[in-house]
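> Pasting the sequence and the predicted model now:
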Amino acid sequence: MKSIKNKLVVNFMAIVITIVILLEFLFVILLRNHYYDNTAILLTNQLKMSTDFYSKYCADIPLKENVVSNVDSFWNRTNAQVEIFDNEGNLLMDSLSIGSEKISNDSIDIKKALAGEPARWIGKVSYDNNKVMAVSYPIKSGDKVVGVLRYITSLSEINNTLNSIILLFIIIGIVVIAIGAVLSYFLADGVVNPVKELTEVAEHFAEGNLGIRSKNKSKDEFGKLSSTFNLMADELAERDRLKSEFISSVSHELRTPLTAIKGWIITLNNKETDKDMLKLGFDIIEKETDRLTNMVEELLDFSRLTSGKTQLKKAVTDFDEVVNYIRDYLTPRANRENIDFQVVSMQKMPSILIDADRIKQVLLNVIDNAIKFNNSGGYVLVNVAIKKNYLVVIVEDNGCGISEEELPRVKEKFYKGKNSKSQNGIGLSICDEIIKLHDGTFDIQSELGKGTKVIISIPIVIDEGELYEENK
């Protein structure tokens, strides 16, 4: 497997090498042009001085006679090779006496000069191993071009200088690439090491060791990912702890009725047990069996809801029937415990599309908690209303309340409150899941020692896809 580090180093080096090559290529071109342009400017200035001299002092004599009779009069002002052409491009003079072996007079620079425009040419000649530069300049008599003066110089010194500079740049480029390789290695370490550390932490998590934490505290994305890993580990550890507590709590609650059932079976399995004792024992066994059944059903509900396997059985329901059912079911319980229990609702509630049994389950659970965690003489008020196309049920009590520390967690799976009356910690989780399946909200507000308010909001749908409008 090719490591990320190797990939990063290769990519970094590819970028460095590409940039170095491009920069050196560009610099060599610019440097070469600079040297060639300066040479051309020098030759052009010398040519201009010579041709100006001819125009001022020699223009009265034909160019050919001037060259033959007075060879040093105007052109011998340079160390370069000198060629003079007449206005038809015929060679009149060559300072090196090369004759026909010299550059052809068909060269483009000569043609441009005959047209009155200075020009230069760079190329190879037979009598020099190096490239040469030729600069041609028109010779004028008045406004008429009478010939061409051409200076030719070897580029050997310039090219040698350029080659030395290029060699220096190549050495510098190699040094830069070497430094880039070292830096790439360390930069890759800076990227790969946090990934390695997070990988090791994840492997520990996979092995069930949730006590390991990432130590990366950087302010970049790796630091954020490290913090997220640690937060995930904290959540997993907390959920694992809650699960263990939940299993312990459920085991205890299952053991209690089973112990009672077993004890009464032993008691009843006695020939001396009278009729009254038998009736009492069977009643207790029946109640404890119902209690076990309810607990098992709640656990199954919890499992189905959290796994997403539960499908709501929605039907158009007269919500007045739900309200009346809740009132009739819980009033006797509230009276037994001396709780002032009231249900307030609109005179006529709309028929809405819900899973009535599940909504009843939610309301019974919430109101049962309100009664259970209240004191004798307290109150539980259920208010049912419609607000902005939502069915809102508010259950309010003046019971013991929930502490600020526990309140954010009471709907968490497996969370069991510190109150001695708290049970297995899945009732409110189930309620929350059911309300979410109805696209509603389930909010709990509470203050320790002052009471609790539960607000359930469900969007009112009176038929598939049709919302209830309050002004109907």
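That came through fine. Numbers count the residues shown, from 1 in each chain.
> Quick check: mean pLDDT of stretch 110-130?
Confidence for stretch 110-130, expressed as mean pLDDT, is 86.
> Return it as CSV; C-alpha atoms alone will do.
What follows is stretch 110-130, C-alpha atoms only, in CSV (Å, rounded to 0.1, in the frame of the first residue of the first chain):
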residue,chain,number,x,y,z
ILE,A,110,19.7,43.5,-45.4
LYS,A,111,16.4,43.6,-47.2
LYS,A,112,14.8,45.6,-44.3
ALA,A,113,17.8,48.0,-44.2
LEU,A,114,17.4,48.6,-48.0
ALA,A,115,13.8,49.4,-47.3
GLY,A,116,15.0,52.1,-44.8
GLU,A,117,14.5,50.1,-41.6
PRO,A,118,17.3,49.0,-39.2
ALA,A,119,17.3,45.2,-38.6
ARG,A,120,19.2,42.4,-37.0
TRP,A,121,19.9,38.8,-37.7
ILE,A,122,21.2,35.9,-35.6
GLY,A,123,22.5,32.7,-37.1
LYS,A,124,25.4,30.5,-38.1
VAL,A,125,28.1,31.4,-40.7
SER,A,126,30.6,29.1,-42.3
TYR,A,127,33.7,30.9,-41.1
ASP,A,128,32.8,30.9,-37.3
ASN,A,129,31.9,28.0,-35.0
ASN,A,130,29.7,30.2,-32.9
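> Measure how far that stretch is from the centre of its chain, please.
In this view, stretch 110-130 has its centroid 61 Å away from the chain centroid, taken as C-alpha atoms, centre = their mean, to the nearest Å.
> again, but for stretch 193-208
Chain-centre distance of stretch 193-208: 21 Å, with C-alpha atoms, centre = their mean.
> Then stretch 431-443?
Distance, stretch centre to chain centre, for stretch 431-443: 31 Å (C-alpha atoms, centre = their mean).
> all helices of the stretch 301-450 of the chain, in order?
319-336, 356-372, 427-437 (DSSP state H, counting those that start in this stretch).
> Show me the beta-bridge partners of Ser136.
Counting by DSSP bridges, Ser136 is bridged to Ala119, Arg150.
> so who does it touch?
Residues in contact with Ser136 (C-beta atoms under 8 Å, 6 or more residues apart in numbering) are 47, 107, 109-110, 112-113, 118-121, 148-150. For the C-beta atoms, the positions are set from N, CA and C on the backbone; glycine is no exception.
> re earlier: so which of the helices of the stretch 301-450 of the chain comes closest to Leu448?
Closest of the helices of the stretch 301-450 of the chain to Leu448 is helix 356-372, at 15.2 Å (criterion: C-beta to C-beta).
> quick one, that closest one and helix 319-336 angle?
For helix 356-372 against helix 319-336, the angle by axes from the mean of the first three to the mean of the last three C-alpha atoms, to 10 degrees is 30 degrees.
> And helix 356-372, what's buried?
For helix 356-372, a neighbour-count test (16 or more other C-beta atoms under 10 Å) marks 356, 358-367, 369-372 as buried.
> tell me the helices in the stretch 1-150 of the chain, going along the chain?
Counting by DSSP H, counting those that start in this stretch, the helices of the stretch 1-150 of the chain are 4-57, 63-69, 108-114.
> weakest of those by average pLDDT?
Of all the helices of the stretch 1-150 of the chain, helix 63-69 carries the lowest average pLDDT, namely a mean of 78.
> just checking, what packs against that one?
The helices and strands touching helix 63-69, judged by 3 or more C-beta pairs under 8 Å, 6 or more residues apart in numbering; DSSP states H and E, are strand 81-86, strand 91-94.
> Of all the ones you listed, which one is nearest Lys215?
strand 81-86 (76.4 Å).
> any idea how far Ser289 lies from Trp264?
One correction, residue 289 is Thr, not Ser. According to C-beta to C-beta, to the nearest Å, Thr289 and Trp264 sit 11 Å apart.
> Look at the two and report which has more neighbours.
Neighbour count, other C-beta atoms under 10 Å: between Thr289 and Trp264, Trp264 has more, with 19 against 14.
> residue contacts, Ala385?
Residues in contact with Ala385 (C-beta under 8 Å, 6+ apart) are Ser345, Met346, Val392, Ile394.
> Tell me the spacing between the second one and Ser164.
Taking C-beta to C-beta as the measure, Met346 and Ser164 are separated by 99 Å.
> residues in contact with the residue located most distally from the centre of the chain?
Most distant from the centre of the chain: Ser69, at 86.0 Å, with distances by C-alpha atoms, centre = their mean. With contact taken as C-beta under 8 Å, 6+ apart, Ser69 is in contact with Ile61.
> And the residue nearest to Gly399 when sequence neighbours are not counted, how far from Asn230?
Excluding its sequence neighbours, the residue lying closest to Gly399 (C-beta to C-beta, 6 or more residues apart in numbering) is Asn374, at 3.7 Å. Noted for Asn374: a distance of 41 Å to Asn230, by C-beta to C-beta.
> Comparing these two, which residue is more hemmed in?
Ranked by neighbour count (other C-beta under 10 Å), Asn374 and Asn230 place Asn374 first, with 23 against 16.
> if I pick the residue most central in space within the chain, what's in contact with it?
The centre of the chain sits closest to Glu221, judged by C-alpha atoms, centre = their mean, with a distance of 8.9 Å. Glu221 makes no contacts at all, as judged by C-beta under 8 Å, 6+ apart.
> Next: Arg291.
Residues near Arg291 by C-beta under 8 Å, 6+ apart: Pro257.
> Figure out the helix or strand that it lives in.
helix 275-306 (DSSP states H and E).
> my guess is Asn159 contacts Asn129, does it?
No. Contact criterion C-beta atoms under 8 Å: Asn159 and Asn129 do not qualify, at 10.9 Å.
> The two: who's more crowded?
Relative neighbour count places Asn159 above the other of Asn159 and Asn129, with 16 against 9, counting by other C-beta under 10 Å.
> just to revisit the earlier point, now, the most widely separated pair of the contacts of Ala385?
Comparing all pairs in the contacts of Ala385 by C-beta to C-beta, the longest separation belongs to Met346 and Ile394, at 13.3 Å.
> These two: who's more crowded?
Of the pair Met346 and Ile394, Ile394 is the one with more neighbours under other C-beta under 10 Å, namely 17 against 12.
> now the closest residue to the more buried one other than its chain neighbours: how far from Ser156?
Distances taken as C-beta to C-beta, 6+ apart put Asn383 closest to Ile394, at 4.5 Å, once the chain neighbours are dropped. Asn383 is 104 Å from Ser156, where distance means C-beta to C-beta.
> And for Phe442?
For Phe442, the distance to Ser156 equals 92 Å [C-beta to C-beta].
> quick one, which of those two is more surrounded?
Taking neighbours as other C-beta under 10 Å, Phe442 and Ser156 compare with Phe442 leading, 20 against 13.
> Give me the residue ranges of the stretch 201-350 of the chain where confidence is low.
Applying pLDDT under 70 to the stretch 201-350 of the chain flags residues 218, 242, 245-246, 248-253, 256, 298, 301-310.
> Neighbours of Asn383, how many?
15.
> same question, Gly281
Neighbour number of Gly281 under other C-beta under 10 Å is 20.
> That one and Lys111, how far apart?
Counting by C-beta to C-beta, the gap from Gly281 to Lys111 is 129 Å.
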